[in-house]
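Enquirer: 3D model of this:
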Amino acid sequence: MTACGSYPGQLAAIRSKGDDNDFTPIVATDPANPYGVLLPGCGVTREPGNVIVMRAGRVVLGLAGRVLVMPERLPDDTFAAALAALMRVRPKIAIDTIDGVAALESDYVGPLAALRFHSDGRALVYDGLPGPMPARAAASSRIEHGAK
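Expert: As a prediction, this is how the structure comes out:
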């Protein structure tokens, strides 16, 4: 095993996996995860429940407990695709903050609402059940559809 805990060749395989449109979720405790806090800007530690999402060998999204982090800002469609990949390994998610901003106040509320996240009053939640649309997403939807 290498110093980062992965077997020789696994890191190269992960980095070369797929193309620029392929998102790969990796549970943070997986030995194939070469990152954790070692990746600058990611901040996702090797703890149960934490997940990273990779694209073209780079981390694009991480979930640390109830905190969503991104090494760099993502366009809405890329964010939604990365989060959909994360949801394959975490079918129930509660997000309190996104890159240090309260989830309910984040610019990503719209894409999260489109993925059926709902508000519990404090956080954005995906649990497969219907719930109230986040107020910010509902207001945005009304504006787009011409309602007041």
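Enquirer: Spatially, what comes nearest to residue 66 if we skip its sequence neighbours?
Expert: Nearest residue to residue 66, sequence neighbours excluded (CB to CB, 6 or more residues apart in numbering): residue 96, at 4.3 Å. C-beta: built from backbone N, CA, C; applies to glycine.
Enquirer: Likewise for residue 88?
Expert: Spatial nearest neighbour of residue 88, chain neighbours left out: residue 25 (5.8 Å); criterion: CB to CB, 6+ apart.
Enquirer: Test for you: state the pLDDT assigned to the one you found.
Expert: On the pLDDT scale, residue 25 is placed at 91.
Enquirer: ok, it touching residue 91?
Expert: No: counting by CB atoms under 8 Å, residue 25 does not reach residue 91; the two are 11.6 Å apart.
Enquirer: neighbour-wise, which of the two wins?
Expert: Using other CB atoms under 10 Å, the more surrounded residue of residue 25 and residue 91 is residue 25, with 20 against 9.
Enquirer: A helix includes that one, no?
Expert: No: assessed with DSSP: H, G, I helix; E, B strand; the rest coil, residue 25 is strand; it does not lie in a helix.
Enquirer: Bridging across strands, which residues link to it?
Expert: residue 53 (DSSP bridges).
Enquirer: list the contacts for it?
Expert: 51, 52, 53, 54, 85, 86, 88, 89, 90 (CB atoms under 8 Å, 6 or more residues apart in numbering).
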